[in-house]
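Asker: with the sequence up front, the predicted model follows.
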Amino acid sequence: MHADIPAKEVMTREVCTASPEESLYIAAKKMIEFGVGSIVVVENEKPKGIVTERDILHKVIAKNKLPSEVKLKDIMSSPVITITSKTSVREAARIMLKKGVRRLPVIDNGKLIGIVTDTDILTVSMDIGELLGLINEKSVEIFVEELSGKCERCGKLSDRLIEVNGMKLCEDCAETYEE
């Protein structure tokens with residue numbers, strides 16, 4: 001990845017959550033409703049653990065337990081590995097690889113505010129790669145770095161400016177820039 005995009009830019013804000021006392025049966029219904037493969041176990045908005053499809057397979061199905069009789073606190077992976085909204089996507093990917101996890105709840109001031117998954121990171125990687133490929137096709141030099149300020153082309157304020165041929169441009173202008 002060429003840019004250190006903060007996690008808050010790629011995280012999913014609506015996280016599938018449950019309490020530690022909730023049954024796996026209810027939690028699984030929530031996971032299906034959200035269309036996700038994990039549920040973050042929270043107490044007072046603070047993540048205490050996470051239950052993934054893998055946990056369900058290994059700790060419930062393979063042991064022939066009834067989901068309605070299993071509480072999340074008994075099968076959750078804990079302590080949960082988290083990041084902050086300011087953690088870069090690059091660092092999040094490094095943590096995932098090092099710890100062997102595919103999901104990182106995002107916290108600020110100890111409270112859950114989102115989740116970053118391996119799919120989120122892959123999507124961002126592909127978007128950056130496509131953007132660079134598109135710009136390279138136009139023979140434009142591009143340097144992506146963490147800049148904020150006013151776009152020199154359209155005047156819009158932006159958290160992320162991209163330097164293109166010496167100009168600091170917002171993402172939209174950088175995408176459509178032609179010499």
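Answerer: Received the coordinates, thanks.
Asker: near residue 64, how many other residues are there?
Answerer: By the measure other C-beta atoms under 10 Å, the count of residues near residue 64 is 6. Using the backbone N, CA and C atoms, a C-beta is placed for each residue, glycine as well.
Asker: could you check how far it is from residue 51?
Answerer: 18 Å (C-beta to C-beta, to the nearest Å).
Asker: equivalent analysis for residue 162, please.
Answerer: 39 Å.
Asker: according to the record, where do the domains of this structure fall?
Answerer: 7-120, 139-179 (automatic domain parsing).
Asker: what's the most buried one of these?
Answerer: Of all these, domain 7-120 carries the top mean neighbour count, a mean of 17, counting by mean count of other C-beta atoms under 10 Å.
Asker: what about that one, start to end distance?
Answerer: Using C-alpha to C-alpha, to the nearest Å, the end-to-end distance of domain 7-120 comes to 10 Å.
Asker: now swap in stretch 51-59 and tell me
Answerer: Span of stretch 51-59 from end to end, C-alpha to C-alpha: 10 Å.
Asker: quick one: mean pLDDT over that stretch.
Answerer: Across stretch 51-59, the average pLDDT comes to 96.
Asker: the residue nearest the centre of the chain bridge partners, please.
Answerer: With distances taken as C-alpha atoms, centre = their mean, residue 116 lies nearest the centre of the chain, 1.7 Å away. Beta bridges link residue 116 to residue 104 when assigned by DSSP bridges.
Asker: report the contact partners of it.
Answerer: By C-beta atoms under 8 Å, 6 or more residues apart in numbering, the residues touching residue 116 are 7, 10, 11, 12, 83, 89, 92, 103, 104, 106.
Asker: check what pLDDT the residue lying closest to the fifth one once chain neighbours are set aside gets.
Answerer: Closest residue in space to residue 83, ignoring its immediate chain neighbours: residue 104 at 4.9 Å, by C-beta to C-beta, 6 or more residues apart in numbering. In the predicted model, residue 104 carries a pLDDT score of 97.
Asker: list the contacts of residue 104.
Answerer: 7, 81, 82, 83, 92, 95, 96, 115, 116, 117.
Asker: swap the cut-off to 10 Å and go again
Answerer: 7, 11, 50, 80-83, 87, 91-93, 95-96, 114-118, 120-121 (C-beta atoms under 10 Å, 6 or more residues apart in numbering).
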